[in-house]
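A.B. asks: Build the 3D model from these lines:
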Amino acid sequence: MERFVVIDCFPESAAHFLGGHAVVVVDVIRATTTAVTAVALGRRCLPVPSLEAAWRLRRRLPNALLVGELAGMKPHGFAINNSPAEVAMRTDIARPMILLSSSGTRLMHAARGSQTAYVACFRNAASLAIHLAGRHDRVAIIGAGSRGEFRKEDQICCAWIAADLMRAGYRTADSRTTGVVERWGDAPATACANGKSAAYLRDSGQRRDLDFILAHINDLEEIFWLDGAEVVMMPVEGDERATGGGAAVEAGGA
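C.D. replies: The predicted model follows:
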């Protein structure tokens, strides 16, 4: 059977791939980076699609840490913004994290009905591509998008994963996917530093999140996926650790 990979964007697109695809959720700046960082440190992470859902869940988990943003701003009553750098510095690991973002957590919520839903960012793109290869015949890699745009950082991460799958024998499902891979498959992570998301972080005094994201490239081997309403981590298998990381490792190291 032929194997295919497709790249798409926006939370609404997940509905097109729930029937027979493994879905990879990408929101590099910042939701998937925040989620992966929290779970890698041993904290529970529960992404929610709306502010109302966040508060409903908080009533069930009164000790939970409310983390997130809407339109870039921390909602009233939340402990911290959608900040992987700040999450990484906190010591209250035992507190579960309820995570809200404008697009990324909505996409995570929408992807839960897929065959399997994975969570990806620059930190785990290479290891996830290795894990996906051969396990799923159809893979949809979806960028969360922001303000109606498929942001540069998400295109890069999607392209890294797709390029590695193509080297493993997958075909692109459409010309758009081919174009994204051709443009960004070998790009370094720093290519997103002049994008709109990066500019927003700099202009809003959140440069440390951008620095954190660009300093953590393919440094995690574990696999992150959605188990119901929670992002969880599974250790990578021994044969996967021994396999090369493909273009994603090379691009990330540039």
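
A.B. asks: Ile98 belongs to a strand?
C.D. replies: Yes - the assignment for Ile98 by DSSP: H, G, I helix; E, B strand; the rest coil puts it in a strand.

A.B. asks: Now it: closest residue in space, sequence neighbours ignored.
C.D. replies: Ala64 (4.9 Å; C-beta to C-beta, 6 or more residues apart in numbering). Heads up, the C-betas are built off the backbone N, CA and C, glycines and all.

A.B. asks: Return the per-residue confidence for the one you found.
C.D. replies: pLDDT, Ala64: 98.

A.B. asks: give me the number of residues near it?
C.D. replies: 18 (other C-beta atoms under 10 Å).

A.B. asks: show me what contacts it?
C.D. replies: By C-beta atoms under 8 Å, 6 or more residues apart in numbering, the contact set of Ala64 is 46, 57-58, 95-98.

A.B. asks: Ala168: which of those residues is nearest?
C.D. replies: Leu46 (32.1 Å; C-beta to C-beta).

A.B. asks: quick one: the strands in the stretch 51-200 of the chain?
C.D. replies: Ranges of strands in the stretch 51-200 of the chain, per DSSP state E, counting those that start in this stretch, are 65-68, 97-100, 116-120, 138-143, 171-172.

A.B. asks: quick one: average pLDDT of the second one?
C.D. replies: Along strand 97-100, the predicted local confidence has a mean pLDDT of 98.

A.B. asks: Other residues contacting that strand?
C.D. replies: So strand 97-100 is contacted by 31, 34-35, 38, 43-48, 50-51, 53-54, 57-58, 61, 64-70, 75, 78, 82, 87, 105 (C-beta under 8 Å, 6+ apart).

A.B. asks: which among those end up buried?
C.D. replies: Neighbour counting over those (16 or more other C-beta atoms under 10 Å) leaves 31, 34-35, 38, 43-48, 51, 53-54, 57-58, 64-69, 78, 82, 87, 105 as the buried ones.

A.B. asks: that older thread, looking at the strands of the stretch 51-200 of the chain, which is closest to Cys157?
C.D. replies: So among the strands of the stretch 51-200 of the chain, strand 116-120 is nearest, using C-beta to C-beta, at 6.2 Å.

A.B. asks: Show me what that closest one is packed against.
C.D. replies: Judged by 3 or more C-beta pairs under 8 Å, 6 or more residues apart in numbering; DSSP states H and E, the packing partners of strand 116-120 are strand 22-26, helix 31-40, helix 104-111, helix 125-132, strand 223-227.

A.B. asks: Just want the angle from the fourth one to strand 22-26.
C.D. replies: Pointing back at helix 125-132 there. If you take axes from the mean of the first three to the mean of the last three C-alpha atoms, to 10 degrees, helix 125-132 sits at 170 degrees to strand 22-26.
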